[in-house]
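In: what follows is a predicted structure for the sequence shown.
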Amino acid sequence: MTTDDETVAPRLQLAATALINGSDLALAALPRETGGILVGWYDGDTVVVTDVLPVLDKRAGGHHYSRNHKRAQRVLNQHRKQTADKNVGYVGEWHSHPAPHPPSRVDLDSLAELTEVTDQTVALVVFAVNADGAVSPLGAAGRRHGRTVTIQELVVESEPS
Ligand SMILES: [Zn+2]
């Protein structure tokens, strides 16, 4: 992971619904991983996540989840149809970790790949299940400046429910 001191650290605001849904989905999938896409909008350097949408991966295991692109597009289209707020769109990716582990090297590499093809910040939230059953949202952000992709830790703030 590289850090870029010249720019403001990005922040992620996780709506209460998003935190609850992500935690519930992570727990329901145990002992496997699950995941999908983050929806919301950008507010300056803050990524506002209004909800987490599940995208099914039948082959997900205890250490892997792979997000299918076509299925994700369908889930996103469906969500946008049902949401009155037209500012809501794709802002990133999420998946769960059945153990309290932060985003892995593989996770950060695939985040970098996604970041290479967009001008927007791409957020990643890992919902990590702790030994006591509590779920911690751990974030990373990918940003592209020209040809350089920067991956940073993302401070996750969640709204009180
Ligand atoms: Zn992971």
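Out: Perfect, thanks for sending it.

In: from the chain's centroid, how far away is stretch 152-161?
Out: 11 Å (Cα atoms, centre = their mean, to the nearest Å).

In: count the residues that sit near residue 56.
Out: 14 (other Cβ atoms under 10 Å). To be clear about C-beta, it is placed using only N, CA and C from the backbone, and glycine gets the same treatment.

In: my read is that it contacts residue 71, right?
Out: Yes. With contact taken as Cβ atoms under 8 Å, residue 56 and residue 71 are classed as touching, separated by 6.5 Å.

In: mind checking pLDDT for residue 37?
Out: With respect to pLDDT, residue 37 has a value of 98.

In: which SSE is it in?
Out: Assessed by DSSP states H and E, residue 37 sits inside strand 35-43.

In: what does this protein have sitting close to the ion?
Out: When proximity is defined by Cβ under 5 Å from the ion, the chain lies next to the ion at 104, 107.

In: show me where the chain has strands.
Out: Per DSSP state E, the chain carries strands over the ranges 11-14, 35-43, 46-54, 89-97, 122-129, 135-145, 148-158.
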